[in-house]
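Colleague: quick one, fold the following:
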Amino acid sequence: MKYLTLFTLVVVILISCTKKVGKNPELAYSDRAILDSINASGFTYYKNDPNTFLPGTNGPHGPYKLRFNKIGYNALTDNGKLPAGMSMPNGSLIVKDIYDGNNNITYYAFMYKRSGSWIWGEIKPNKEVLYSVYKNPSTCINCHSQTGHRDLVTTFYFH
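Modeller: Residues are numbered from 1 along each chain as shown. The predicted structure follows:
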């Protein structure tokens, strides 16, 4: 009985820990879990070009590089855009690496598609949360609802 109790306790602790941190945001979508996924490999840059900085002059974020996880990238056409009228599939993770004037990443702005809706957030590389996934997303949605968007991804409209 003693070993069964100890085993049950260990299993409960392991399960509860994996819900907060993970490489797969489908399994966990806390701020820290998304940051772990952002830092994982397997992303492809917008139009497959890791060297291009987009100016960010049409939004609040500043200069950035845009990247997609495999699920999101596979939804794009040859020209690197989501077809008009289409939606990104569930599991898509889109990350803006926001840079300062010295080519240093200052924070990540991200969108993660889960159950047909976007989860939004902003987090620094040091894990400081600027905009939590648990906040009301209306601030983000207001800007991302501009004319010409494709499933609330405004980059396709401007670049």
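Colleague: now the element after the helix or strand harbouring M111, going C-ward?
Modeller: In this structure, M111 sits in strand 105-114 according to DSSP states H and E. Downstream of strand 105-114, the first helix or strand assigned by DSSP H and E is strand 117-123.
Colleague: contacts for that next one, please.
Modeller: 29, 31, 34-35, 38, 107-113, 129-133, 135, 137, 140-141, 152 (Cβ atoms under 8 Å, 6 or more residues apart in numbering). Bear in mind the C-beta positions are built from the backbone N, C-alpha and C, glycine included.
Colleague: can you go through those residues and name the buried ones?
Modeller: By neighbour count, with 16 or more other Cβ atoms under 10 Å, those hold 29, 31, 34-35, 38, 107-113, 129, 131, 133, 137, 140, 152 as buried.
Colleague: residues contacting R67?
Modeller: Taking Cβ under 8 Å, 6+ apart, one finds 43-46, 50, 94-95, 97 in contact with R67.
Colleague: which of these are buried?
Modeller: 43-46, 94-95, 97.
Colleague: just the element for the residue lying closest to I71 once chain neighbours are set aside, please.
Modeller: Counting by Cβ to Cβ, 6 or more residues apart in numbering, I71 lies nearest to G91, which is 4.2 Å off, once chain neighbours are set aside. Using DSSP H and E, G91 is not contained in any helix or strand.
Colleague: ok, G91 to K47 distance?
Modeller: 21 Å (Cβ to Cβ, to the nearest Å).
Colleague: what does K65 give?
Modeller: 11 Å.
Colleague: run through the helices of the chain in chain order.
Modeller: 2-18, 31-38, 70-73, 138-144, 155-158 (DSSP state H).
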